[in-house]
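> Test case, fold it:
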Amino acid sequence: MISTLERLTIPAATDFTLRRFDPLTDSALLHGWVNTERASYWGMLGCTHQQVRDAYEALEADPHHHVLLGLETAHGHESAATPAFLLEHYAPEHSVLAGRYAHQHGDVGMHLLLAGPGTDGPLPGFSAAVMEAALAHLFSDPAVLRVVVEPDAANTAIHSLNSRLGFRAQHRIKLPAGPDTPAKTALLSWCTRADFVAATGRASTVTAHLSAERWEVANRHLLAKAIAEFTHERILTPEATETGWLVNYGDHQYRFTATRHQLEHWIIDPVSLSVQIQGRDAAVDAAGFILTFREVLGISAAQLPVYLEEISSTLASHCYKQLHSTLSSAELAAGTDDTIVDFQRTEAAMTEGHPCFVANNGRLGLGANDYLSFAPETGAVIALEWLAAHKSRAHFSALPGLDITTLLTQELGIQQLELFEARITAACAGSTLDPADFILLPIHPWQWENKLAVVFAADIASGHLLHLGAGEDRYQPQQSIRTFFNRSSPSRHYVKTALSVLNMGFMRGLSAAYMAGTPAINLWLSELFAGDAELNGENLGLLREIAAVGYSTPLFEAAGANAPQRKMLAALWRESPAALIKPTQQLATMASLLHIDAAGASLTAAHIRRSGLSASEWLTRYFDAYLVPLVHCLCRYDLAFMPHGENVILVLENSVPVRVLHKDLAEEVAVLGNDQDLPPEVERIRAQVSGPERRLVIFTDVVDCFLRFLAPALNREGVCSEDEFWGTAADRLLAYRNRNPETAEAFDALELFADSFELSCLNRLQLRNNAQMLDLTDQSGGLIYAGTLANPLAGRGL
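Below is the predicted model:
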């Protein structure tokens, strides 16, 4: 045992070890600890030895709850150890906290009980050393990103200790009584890896998800995708070998096995990849592949370093996803009976990003801690910052009948709004500025810290921009990274903000000029849909952008129309799908239909199996809600959407798609040509395209960039053959034509059943210019084609 003299030295966190708590042999010890007044908040005061043992035998049987005993060892006496504390860690989503706070990936709950003090009382600093040891143990697991605690709100001593070790108090929550614990009002607090490092001075662990094993898996995954997509775009031409396929350049050889599907779609087995350089085996290295083939890829010396950085970021995010996207497709499809939890859990579970782009998780500008805080796959929940912008430089627009005060009262609540208004009044005191001349707008925390506070310094100094602080509501970033879903009040609106981060060929800004016309475009679209029998049914809807704010500063307005700083400060509010569904319905991003879990299982296949429908019946519902309305809009109104997976929200019942909700309307819809009359305030969405390009709205955006991936995924699991998949799509298109004879001529002009269509190449665009793939004022003029693809719909129609 450790002597009294030796205990006069305050232990360090490294003086503690942990082992599994054994209820059979350790419950007597614990019984003594919990039956002291000091441990009253543990909730077991007065329990018998047997009651303590029974309680911890029950915890030991719970797969979501783990109990460890902390032991203090003395220097020079490593074999001697004294029980010092009890550490319980648990999965919050399977605890009393479930549904009572915004859970995110990497959360672990913690309970900590120190040993009863000896005759001399506890040593100063002992508690802090124990807490540090416990947190160090939890954070040694790279899957743990945040430790969550819920101590009694009245336990001020533990609040102080928590704060010293990096915990940040959030808010009070009422917790019901458990089998062995009383009801209480708790102070919810949490500590991130960065918080722990800052409080203790330890080495950073923000890259804990990066390991040699996960890095190899990520490289194999990304290299398989790169070869497949570059082959699809006819940049590479694999050669058949006796055992598989080969691509080579100089003394570099890449061998693999693959299956080939319609639309020249390749699925390469990542495990089969092997690399030889000068005849010697080498590591599978996605970035090295880009370097080797840079001339073949046509990437310039100026673009290459940035593209390699995007590749590295994509690989790093894949390592993170290996740790945290662990739910199976069947589990995601089944859900938890909580519509909002399931919707956002699925949103955060996606592992691939855009299916076509190789470097699809670049997000250049975000640091390591920023990634953990703001990347959608982390399931992070954050508060948005708020600014007050002077009306001389800011413009608010909204749907008719909606004013800024009404909107902000709905979005912030009266108390929060009054607090912000008081801060504006205080900031204007002693100046010539009138508090009534300001408009409030939400901003991304990263944008404020890294861009606005510096780039817009003149506006801040002059008082035209006032920083008001964070709002109370918590938001979860969506796959589009700059759009946020309100987790505190799900029926409140989505918020989309400007974010000056480079990702997939574009800086993710938000045009202040475009914001002025956003509500008018949404109003026009909603009225168009309401007046069309094909579009106003129960299977289709729009998530309208109801209001927007844009800010323009004279300095950058004079710097030229293409200055990225003109897109740094704007925001819009979009309707939430949570307010538009029935209690029995579920929500999921359409991108999730392409999700493949760690075991290779398709989420769409899981939904089809769970639905009880045949594959053709399920696909009929899906195509009628998604594909057919897009064709109708093009035929009847020359109206084109950008209907990729993240721009579409699915409404499901028992895993059956019953409705499609389109979003991102004002920035990404277009009316093609001059045949349609448009109101002046909507005119900016008109685009000039040649006749053949009209059909690419369907062939490129839907067939090649989405359905190309979905059909083989279902085929691989034996759910639906590719022939049945495309046959069902053709049947639904023909059914549409037959019931709409007035659009038959326009339908036929699209040549949806032609033998082939033009292959438009997305990766070639990014390789050409990864800072701006296209001129947004002339997107059609910048497209790159590589011949034609055989049409899987050919021969099935007219």
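> Quick check: chain neighbours aside, which residue is closest to residue 645?
residue 591 (3.0 Å; CB to CB, 6 or more residues apart in numbering). For glycine as for every other residue, the C-beta is placed from the backbone atoms N, C-alpha and C.
> er, residue 187 I mean
residue 153 (4.6 Å).
> Quick check: the one you found vs residue 408, distance?
Residue 153 sits 31 Å away from residue 408, going by CB to CB, to the nearest Å.
> Looking at these two now, which is surrounded by more residues?
The residue with more neighbours, out of residue 153 and residue 408, is residue 408; 22 against 16, by other CB atoms under 10 Å.
> And the pLDDT at the residue nearest to residue 187?
At residue 153, the predicted lDDT confidence score is 91.
> The one 3 residues further on now?
Looking at residue 156, its pLDDT is 88.
> same thing with residue 102?
83.
> That one is in contact with residue 381, isn't it?
Yes: the pair residue 102 / residue 381 is scored as a contact, 3.9 Å apart, by CB atoms under 8 Å.
> Give the residues shared as contacts by the two.
Residues within reach of residue 102 and of residue 381 at once, by CB atoms under 8 Å, 6 or more residues apart in numbering, are 474, 476, 487.
> Spit out the contact partners of residue 555.
With CB under 8 Å, 6+ apart, residue 555 has these contacts: residue 458.
> next SSE after the strand or helix carrying residue 222?
Using DSSP states H and E, residue 222 sits within helix 212-232. On the C-terminal side of helix 212-232, the nearest following helix or strand under DSSP H and E is strand 239-240.
> helix or strand right after that following strand?
Next along the chain from strand 239-240, counting by DSSP H and E, comes strand 245-249.
> Tell me which other helices or strands that following strand touches.
Contact here means 3 or more CB pairs under 8 Å, 6 or more residues apart in numbering; DSSP states H and E; on that basis strand 245-249 packs against strand 239-240, strand 252-256.
> can you do 10 Å?
Identification of packing neighbours for strand 245-249 by 3 or more CB pairs under 10 Å, 6 or more residues apart in numbering; DSSP states H and E yields helix 212-232, strand 239-240, strand 252-256, strand 274-277, helix 286-292, helix 294-297.
> In JSON lines: these, plus mean neighbour count.
As requested, the helices and strands packed on strand 245-249 are exported to JSON lines (neighbours: other CB atoms under 10 Å):
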{"stretch": "helix 212-232", "mean neighbour count": "20"}
{"stretch": "strand 239-240", "mean neighbour count": "8"}
{"stretch": "strand 252-256", "mean neighbour count": "20"}
{"stretch": "strand 274-277", "mean neighbour count": "16"}
{"stretch": "helix 286-292", "mean neighbour count": "20"}
{"stretch": "helix 294-297", "mean neighbour count": "16"}
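> Let me have these in JSON lines, extended by distance to residue 457 and mean pLDDT.
Shown next, in JSON lines, are those (distance: least, CB to CB, whole Å; pLDDT from 0 to 100):
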{"stretch": "helix 212-232", "distance to residue 457": "39", "mean pLDDT": "98"}
{"stretch": "strand 239-240", "distance to residue 457": "57", "mean pLDDT": "98"}
{"stretch": "strand 252-256", "distance to residue 457": "49", "mean pLDDT": "98"}
{"stretch": "strand 274-277", "distance to residue 457": "49", "mean pLDDT": "98"}
{"stretch": "helix 286-292", "distance to residue 457": "37", "mean pLDDT": "97"}
{"stretch": "helix 294-297", "distance to residue 457": "39", "mean pLDDT": "96"}
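> Residue 669 is nearest to which of the ones you listed?
When the helices and strands packed on strand 245-249 are compared by CB to CB, helix 212-232 sits nearest residue 669, at 26.6 Å.
> Only alpha carbons, please: show the closest one as CSV.
The C-alpha trace of helix 212-232 is given here as CSV (Å, rounded to 0.1, in the frame of the first residue of the first chain):
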residue,chain,number,x,y,z
ALA,A,212,-1.8,4.0,-40.8
GLU,A,213,-4.6,1.4,-41.1
ARG,A,214,-7.4,3.9,-41.8
TRP,A,215,-5.1,5.9,-44.1
GLU,A,216,-4.5,2.8,-46.3
VAL,A,217,-8.3,2.0,-46.4
ALA,A,218,-9.0,5.7,-47.4
ASN,A,219,-6.3,5.6,-50.1
ARG,A,220,-7.7,2.3,-51.5
HIS,A,221,-11.2,3.7,-51.5
LEU,A,222,-10.3,7.0,-53.2
LEU,A,223,-7.9,5.5,-55.7
ALA,A,224,-10.6,3.0,-56.8
LYS,A,225,-13.0,5.9,-57.2
ALA,A,226,-10.4,8.0,-59.1
ILE,A,227,-9.6,5.3,-61.6
ALA,A,228,-13.3,4.5,-62.1
GLU,A,229,-14.4,8.1,-62.6
PHE,A,230,-11.4,9.1,-64.8
THR,A,231,-12.1,6.0,-66.9
HIS,A,232,-15.8,7.0,-67.1
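> Report the distance from stretch 582-597 to the chain centre.
Taking CA atoms, centre = their mean, to the nearest Å, one finds stretch 582-597 lying 14 Å from the centre of the chain it belongs to.
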